[in-house]
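Engineer: Predicted model and sequence below, questions to follow.
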Amino acid sequence: MSTNIVSLNVNPCKMCMPMGAVSALYGVRGCMTILHGSQGCATYIRRHMATHYNEPIDVASSSLTEQGTVFGGEANLLKGLANLIALYHPEVIGVCTTCLAETIGEDTAAIIAKFHEQNADSGVKIIDVSSAGYAGTQNEGFFRALRAVTEQAPHDATPNGKINIVLPMISPADTRWLKKFLLEMGIDAILLPDLSENLDGVTATKYERLKTGGTSIEDVGKMAGAKLTIEFSEFIRGEDSPAVYLNETFGVPYTRLPLPCGVRSIDALIEVLCEQGGVVTDELLRERGRYLDAMVDAHKYTAAARAAVFGDPDFVKATVRLCCENGIVPVLAATGSVCRELRTLEPEIRACADLQMTEDFRVLDDCDFETIEQYCSELGVNLMIGSSDGRRVAAKLGLPLIRCAFPIHDFVGGQRVRTLGFDGSLNLLDQAANAMITRTETTYRAELFDAYHGGAKAAAAEKPLISAEIRTATHPCFGDRACENARIHLPVAPKCNISCNYCVRRFDCPNESRPGVASEVLSPQAAFERYVYYRGKLKNLMVVGIAGPGDALANFGQTKKTLELIRAYDSEVTFCISTNGLLLPLYAAELKSLGVTHVTVTLNAVDVAVGAKIYKYVDYMGTRYAGEAAAAILLANQLAGIKLLADYGIVCKVNCVALKGVNDGHIFEVTKMARELGAFVTNIMPHIPVEGSAFEGLERLNNKEITALRDDCEINIRQMKTCRQCRADAVGTLDNDISATLRSAVSAPQKSKTRRFAVATRSGVLVDLHFGQAEEFYVYDSDGADVRFIEKRKVSQYCNGKEDCGDKESKWTAVLAAVADCNGVLALRIGDSPAEKLRDAGIAAVATYEQVETAIRAAAGERAQTLKGA
Amino acid sequence: MAVTTTNILEERATSISSKQRKGISCEKESVSGAVSQRACVYCGARVVLNPITDAYHIVHGPIGCASYTWDIRGSLSSGSELYRNSYSTDLRETDIVFGGAVKLTAAIDELMEKANPAPKLIFIYATCIVGVIGDDVDAVCRAAEAKYGIRVIPVKAPGFSGTKSLGYQMACNAILEVMRPHREQKKRFGINILGDYNLAGEMWIIKRYFEDLGIPVISTITGDASYESLTQAPSATLNIVQCAGSSAYLAECMDEELGIPYVKVSFFGVEDTSASIIRVADALYAAGACDDGIPARAREFAAAQTAKVMPVIEKYKPRLAGKKAAIFVGGGFKAISLIRQFNELGIKTVVVGTQTGKKDEYAVIESLVDGDTIVLDDANPAELEQFMLEKGADILVGGVKERPLAYKLGVAFCDHNHERRHPLAGFAGIENFIKEINMSINSPVWQYLGKEAAV
């Protein structure tokens, strides 16, 4: 990820004005909002809010189109208002502008006036909110809407002794707390907005489409007669502030307070309320006491926290204050809004940072998550507090995230988040403390072990479930009496890195049975599935082998993946691979950790001069070697590899291909070396002359000669005498390779008579197109059982040289030509006249809406009937 | 307030059909004030292009458009995670007055200078106001391509210029623009998968089917796509098209311009998945691209997988048969496949609607459902509410916005949207779909609703 891109916002820590306006208006009773703009704005905002609040969110749109954009959207908005009233019967409608409406210069006030003129009896209060998306964030949009409602409500300035409470975007649950708290203190208040019910509704027997909670527009009007406004925002500009408006217009005094989160802020609120005649109950005092007690209990945990707090400015301030009171250093305080005043938090943070011996911190505005991520790393943040939009940074940096601001998209309960009051603060504090405790608990053992015991744990030696001896005894290619056991060779390794003069690797040669041949190459997953299939069929399946058709290690990725998949499924089966040994030193350790217990290495010579006669070339580390160089590289690796296998306790069989006149006199030396290196058994096998190979004409050793060779070598090392020289995809016991049954099952020819059908389809899945509308046909052959797709035919291709068949007649000719070789045509509908013409041409017409293949099967099965033409 | 509210606006009546099937009014702009569930042109373009994992997707416009589409879809990547970031020019008031082209150019310059990994492909999405304020996005993109020698492709998708479908088309044009310089390629054996966005790994499921059959997948459009993989798409033998609504247009263009024929497929439900796997194998065989081993293996594979999944369906069926479903999804094709999947489970579809279904899709829907089923285009919450209650729907299949409404009405819900974490395609998807339906429809919570407390 790049750093410091300044011309772009990278991962926004903000949303737009209409989002805030819609949210605020949800706190006004009986209010619906219509966004004057294109349809997407409403839909995106609805989706965004629905996932946070888990409530149905209905927001209308004037659905501006190209025409509305050019000629003005008056007609759209007028119609939208009428429709909204018909559908919801709202008491209040908020008309919020969007980027588009503002940019094309819509005069919404005039349109609203016109609406009232035309609908004098609507009885709906319409609030005009200017909320261009580019003019600010959701925070400004929220206050814009509140200010507009306050300005445009029917004012009643009669003194009423009430206190106005103006709120930023807080959760419905926090709003419910605030209402109870005010009641408890004996304060008669008007909340603006009141989100407590509308965005956190109940399940009721009858669903109310129009929300009935929230502050009524009449109560908003009465705010003009209140004795005081408390505005829980210290950052909003005066022109967007309801408190400032009420003060300037009606002389209502106001005070701005931080959100009541943390002891100082709550105390400040209590103090103001007491001045207004509020009463502090014993219960409230106990709550306060409990909170202070909890602060003390947690302080040594919270002291470890270095927090990044991000969100709207008022949320950031409230949370930063709580952090500082608890010794959590908010080393990063960030907002996506343009808000230079957030810097006023610096002295507070500095004081806390000093106490915790922390030097560096940042307060940032107009900030995106790219910047937040960067500072989280730089400043050593270990806790994030904000919305769920921080989850990507949190996940990337491995940080805990306390989700307590809008939006929360990945958890449930966004509407019930509690951060205000003593218990809300306590909730936040507990989460912070527990995040620190969790962090310690999950890391301290390993950290202390690494720091003081002396590094990483020695890998605990894994005790094998089944001993190597037992595996060897039950392996049909290693054990003396294991012929009754089955093995499966999985052909996942197509490539080979050496070329032997006796080998021609052709994949599709099912009549032959010799190493290096397989009918098909399987992906690891397919190989795994084949294993599972045979596991169920063969009770005596003991061994999974990878024997090519190339070299198992030259395709190590596939080999490894296959074995891993199988091991996850079956912890017992024996793993065996065969290789030419070239890459054995490279992979021996990994074979061990994959649980491979048996390896066959083909070692045809231990003398470079002999080897040079056997190997055409060797590809090693990106270079192709030939002659003695090739033989030398191969041999060195084989010897080192076999030695390594012995060191790792992997049972090694050495295969040796006896080539008359090439190495047959040298094999004794090979078996001797095999023993010295620690191999378990050698398998001397006669060369099978293969057409097209360099040793095509070489005479094959007969059984007698092979037996004599084995007998000679037995004094060096144990001899395998049961080898059947299996295919790379062999399955079963040595004497009964059932892989051929698999191949024949797959390629059994279908011989029954087939008929041809043309299908008119739009989706390609159903017969779902009118014959007359078909521009193309899907053509199939079927015998009533199997359905075989042949091709897709475009009608235009049959248009006598013309691009498209303009007139009806020539199109019809083309259609007929396109389906001329068919026995039937299937379409959603076929007109009577075309159906007749088709029948005249000997083609059945079938009208259906079934799935394509099903319909064809049915048509092919009933062909006698349909072809009669009825 | 004694007034009763209307549920159906007069001008919406022709978009709703029941009993008398005369075809419904669709493919129109939404009705103002009707609270449509639709999104916009930009949304359509964004969802199709977004899964291109290593592209820089820059939203040229105010922040909202970028903010609400930031990493909200469940498209998975096997490589770059770049696409999960949001890049926006974040236009402000002054930009609206003086134009945003300078800012856009600066943004591209800065990306080229600092971004890691270095951009190979940049999409510039122009949202509603960009055209209105007169930014020449084409010129900016052309200049950037010339200056840096990389691909910078404009996607002019102002929200007001049509519906989401138009946005799909714009995205398809942008994809073609990526491929065009690479059109002269030798054809090789393999397919492109079009119209799968790799939601919850669905494309991976499908891709593996083909690879296991020995059919290479060359390019995937756009699930888990990369710039590199898109440039290889012209070499494919065959295109297979899954989400026809978003990608049929691209397939058609690739057929004409690049000579790659296509077949339409679907991987929802047992029948469709089996038929589609076989069809693709047959098409390749018929075109002479492979031997008959592949069609034979495809049949064997489909039969084996079907045999494996049928017991799951049979196990759940007794719990689900007889229930009633409501469907409200984006496109007609998805609605059709859902009706058929429900039929397979013995669930009757009583309400079915789409945001942007086409006329003949509705004709098919009307053929598939019973006479008394409500069919509706571009429905709003009021209509969904009325018909779900009237028809006694037990479950709603829909998007994120519809979920809370279903829950409030005491109706179960199936997430068949772009944010889900569970794959619903392929044979694995069939099992997930049934489980998803069962876990909601047969949850114990419903039995406690609708009763007043005893106290």
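Structural biologist: Perfect, thanks for sending it.

Engineer: Let me see the confidence value for residue 366.
Structural biologist: The chain I'm using is chain A. What the model reports for A:Asp366 is a pLDDT of 96.

Engineer: sorry, should have said chain B
Structural biologist: Model confidence at B:Glu366, given as pLDDT, is 90.

Engineer: List the buried residues of the strand or helix carrying it.
Structural biologist: Remark: B:Glu366 resides in helix B:359-368, with elements defined by DSSP states H and E. Going by neighbour count (16 or more other CB atoms under 10 Å in any protein chain shown), the buried part of helix B:359-368 is B:360-368. Yep, even glycine has a C-beta here, placed from its N, CA and C like the rest.

Engineer: out of those residues, what pair is the most spread apart?
Structural biologist: Comparing all pairs in the buried residues of helix B:359-368 by CB to CB, the longest separation belongs to B:Asp360 and B:Leu368, at 12.7 Å.

Engineer: residues near residue 450, how many?
Structural biologist: Assuming you mean chain A. Residues lying near A:Asp450 (other CB atoms under 10 Å in any protein chain shown) number 12.

Engineer: switch to chain B, that's the one I care about
Structural biologist: Neighbourhood size, B:Gly450 [other CB under 10 Å]: 11.

Engineer: check which helix or strand covers it.
Structural biologist: B:Gly450 belongs to no helix or strand, assigned by DSSP H and E.

Engineer: Count the neighbours of residue 132 for me.
Structural biologist: Defaulting to chain A. Around A:Ala132 there are 25 residues (other CB under 10 Å).

Engineer: look at chain B instead
Structural biologist: B:Val132 has 17 nearby residues by other CB under 10 Å.

Engineer: where does it fall, phi/psi-wise?
Structural biologist: phi -60, psi -40 (degrees, to the nearest 10).

Engineer: Close to chain B: what parts of the stretch 251-400 of chain A are there?
Structural biologist: Residues of the stretch 251-400 of chain A that fall close to chain B, judged by CB under 8 Å from any CB of the partner chain: A:370, A:389, A:392.

Engineer: show me the contacts for the last one.
Structural biologist: Pointing back at A:Arg392 there. Shown in contact with A:Arg392 (CB atoms under 8 Å, 6 or more residues apart in numbering or on different chains): A:11, A:369, B:71, B:84.

Engineer: Quick check: of the residues you listed, which has the highest neighbour count?
Structural biologist: Counting neighbours by other CB under 10 Å, A:Asn11 leads the contacts of A:Arg392 with 25 neighbours.

Engineer: which stretches of the stretch 301-450 of chain B aren't confidently modelled?
Structural biologist: The model of the stretch 301-450 of chain B has no residue with pLDDT under 70.

Engineer: what's the longest helix in the chain?
Structural biologist: Just so you know, I chose chain A. helix A:421-448 (DSSP state H).

Engineer: nope, chain B
Structural biologist: Assignment by DSSP H gives helix B:293-320 as the longest helix of chain B.

Engineer: Give me the subset of the buried residues of helix B:359-368 that also touch chain A.
Structural biologist: Restricting the buried residues of helix B:359-368 to those touching chain A (CB under 8 Å from any CB) yields B:360-361, B:363-364, B:367-368.

Engineer: Next secondary structure after the helix holding B:Glu366?
Structural biologist: Counting by DSSP H and E, the next helix or strand C-terminal to helix B:359-368 is strand B:374-377.

Engineer: May I see the buried residues of the helix or strand that that next one is followed by?
Structural biologist: Moving toward the C-terminus from strand B:374-377, the next helix or strand (DSSP H and E) is helix B:381-391. Neighbour-count burial for helix B:381-391, counted by 16+ other CB under 10 Å, picks out B:381-388, B:391.

Engineer: Is chain A within reach of helix B:381-391?
Structural biologist: Yes - part of helix B:381-391 sits near chain A under the criterion CB under 8 Å from any CB, namely B:381-382, B:385.

Engineer: quick one on the thing from earlier: take the residues of the stretch 251-400 of chain A next to chain B and write them to TSV, including secondary structure and pLDDT.
Structural biologist: Shown next, in TSV, are those (DSSP: H, G, I helix; E, B strand; the rest coil; pLDDT from 0 to 100):
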residue	secondary structure	pLDDT
A:Glu370	helix	95
A:Asp389	helix	97
A:Arg392	helix	95
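
Engineer: Now tell me what touches the helix holding B:Glu366 from outside.
Structural biologist: A:762-763, A:766, A:768-770, A:773, A:828, A:849, B:17, B:21, B:23-24, B:26-27, B:331-333, B:335-336, B:339-340, B:343, B:349, B:352, B:354, B:357, B:375, B:377.

Engineer: Show me the residues you listed that map onto helices.
Structural biologist: Using DSSP H, the members of the contacts of helix B:359-368 that fall in helices are B:332-333, B:335-336, B:339-340, B:343.

Engineer: That'll do, ta.
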